[in-house]
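*Asks:* Below is the sequence, then the predicted model.
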Amino acid sequence: MSRSRDVFIVSNSTDELGGVTGWTHRTARLLQERGHRVRVIGIHASELKMALPDTPGYPVTALYPTHPPTPWAPKRLRDRLRIPARRREAARAEEKRRAVRRLSGIFRTAGPGAIVLVTQVWAMEWVGEADTCGHRVIGMSHESYDYSRASHRYRWIKNHYSTLDRWLVLTEEDADIWAGDGMNNVGFMPNALAGLPDVPSPRTAKSVASIGRLSDQKGIDMLLDTWALVAPQRPDWRLGVYGAGEDEAELKALCTELGLDGSVEWKGRTDDVPGALADASVFVQSSRGEGFPLALMEAMASGVPCAAFDCAPGVREIVRDGEDGLLAPAGDIAALADRLLRLTGNPRMRDAMGERARTNVQRFSEAETVCRWEELFAFLER
C-alpha cells in the first residue's frame with residue numbers, strides 16, 4: 001500500500017455537466033479508496049449541473065457561487081474614462097483576490113508534499129496565483145494537442161505550464177507532440193474506465209446512440225448531416241441523441257430543416273449511461289475535438305460497437321479501427337455515414353466488434369490507472 005497523501009483536485013467547476021466533471025469525481029473516489037485525503041475544488045458552481053452523490057465522501061468546494069465575470073480591459077483612451085466599468089473591474093479584481101486567498105488557505109491545510117492536480121487550463125489561472133509552496137503541482141489537459149493549438153488555450157499552456165512539476169495529457173502521441181513543441185515536463189495519463197456493466201447490450205434494437213453535451217465541440221450538427229445520409233437507407237432505425245447544452249434549440253431546428261424529426265429522438269440529459277447504452281446497438285461520436293472520451297469507452301464496455309470521427313489521438317487509442325469499431329476521417333460526413341451504414345446493416349459485424357470492444361477496453365481499467373497515478377506521485381517526490 002502506498003503512503004497516504006493530501007490531494008487537491010482543482011477544476012473549472014465541480015458539478016458542470018460533462019466528461020471532466022465525471023473524471024474529477026471518479027478520480028477523487030479512486031484516490032480516496034487508496035487512502036489519500038482528497039479535496040475537490042471548483043472555481044465556480046455551474047448552472048447546467050451533473051447529478052452527483054449527496055455525500056461524495058470528500059470535501060467539495062466552489063470558490064464562486066456562479067461563473068466569475070470576464071476581466072475588462074479598456075481598448076481606447078476614452079474607455080478609461082468609463083467610471084462604472086472601472087468600478088466593476090475593480091470589484092471583479094478584488095473578488096478574485098479573495099478567491100485566491102481562500103484557495104491558498106485550503107492548500108495550507110495540508111503539510112508540505114501535497115499534490116495539487118489542476119484538471120483544466122482555465123482553473124490554473126487561480127492556482128497560479130495561489131500559495132502552493134511546498135506542494136507538487138500537476139497540470140492537465142483533457143483535449144488533444146490539435147484542439148488546444150487551434151484555441152487561446154495553446155498560448156496559456158505555453159506561458160504557464162512549462163514550469164509545473166508535471167504537465168499531463170491523455171495519450172503518448174500527444175505527449176510526444178508537446179515535447180517537440182518545447183514542453184519538457186510533459187507526460188501522459190489516460191482516463192480510467194469506470195467498470196463493465198454486468199450484462200452487455202443485446203444489440204438487437206434498431207437504435208444508434210449519441211451521448212454528449214449539445215455544444216459545438218461535440219459536432220451534433222455534423223451528426224445530423226450524417227444521419228440525413230443514413231436515414232433514407234435505414235428507415236427502420238432511430239438515432240437517439242442524449243445530452244443537453246447551449247445549442248439545443250438550434251440543433252432541433254436543424255433536425256426539422258433536414259426532415260429528420262421522424263427518425264431522431266432527443267433524449268435529453270441522462271444520469272444512466274449504461275441504461276441508455278443497453279438500448280442501443282451502435283454508438284456514434286461526431287466530435288470536432290476530443291481528449292480521451294469517456295462516453296466512447298462506456299459504449300465499448302457495454303459491448304456497443306462505435307463509429308467515430310478520428311478527431312484526436314485519444315479516439316484512435318481507444319478504438320482499434322476495423323477490429324472493435326470503425327473510424328472516419330475527422331469531419332468527413334460521408335465517411336461517417338458509410339461507417340454507420342456498415343454497422344447498422346451487418347448484425348454479424350456488430351456482434352463481433354461489440355464483443356471485441358468489451359474485451360479490449362478493459363486495458364483502461366481503474367486499477368491500472370490508479371497504479372499509474374501512484375507511480376507518478378512517488379516519482380515527483382524523488
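*Replies:* Sure, I can see it.
*Asks:* any idea how far residue 25 is from the residue nearest to residue 271 when sequence neighbours are not counted?
*Replies:* Distance criterion Cβ to Cβ, 6 or more residues apart in numbering; nearest residue to residue 271, sequence neighbours excluded, is residue 51 at 4.4 Å. For the C-beta atoms, the positions are set from N, CA and C on the backbone; glycine is no exception. Here residue 51 is placed at a distance of 11 Å from residue 25 (Cβ to Cβ, to the nearest Å).
*Asks:* Kindly report the same for residue 330.
*Replies:* From residue 330 over to residue 25 the distance is 30 Å, taken as Cβ to Cβ.
*Asks:* ok, now residue 360?
*Replies:* In this structure, residue 360 and residue 25 are 25 Å apart, going by Cβ to Cβ.
*Asks:* The two: who's more crowded?
*Replies:* Neighbours of residue 360 and residue 25, each counted by other Cβ atoms under 10 Å, are more numerous for residue 25; the result is 22 against 17.
*Asks:* Run a quick check on the more buried one versus residue 40, I expect a contact.
*Replies:* Yes: with the criterion set as Cβ atoms under 8 Å, residue 25 and residue 40 qualify as a contacting pair; they are 6.9 Å apart.
*Asks:* any shared contact partners between those two?
*Replies:* For the pair residue 25 and residue 40, residues contacting each of them under the criterion Cβ atoms under 8 Å, 6 or more residues apart in numbering are 14, 56.
*Asks:* mind listing the helices for the stretch 151-300 of the chain?
*Replies:* For the stretch 151-300 of the chain, applying DSSP state H, counting those that start in this stretch gives helices covering 153-160, 172-180, 220-230, 248-257, 273-278, 294-301.
*Asks:* Give me the distance from the fourth one to the chain's centre.
*Replies:* Taking the mean C-alpha point of helix 248-257 and that of its whole chain, the gap between them comes to 24 Å (Cα atoms, centre = their mean, to the nearest Å).
*Asks:* Show me what counts as buried in it.
*Replies:* Judged by neighbour count (16 or more other Cβ atoms under 10 Å), helix 248-257 contains these buried residues: 248, 251-252, 254-255.
*Asks:* Please work out how many residues are found near the closest residue to residue 39 other than its chain neighbours.
*Replies:* Of all residues beyond its chain neighbours, the one nearest residue 39 is residue 59 (4.7 Å), with distances taken as Cβ to Cβ, 6+ apart. When neighbours are defined as other Cβ under 10 Å, residue 59 has 14 of them.
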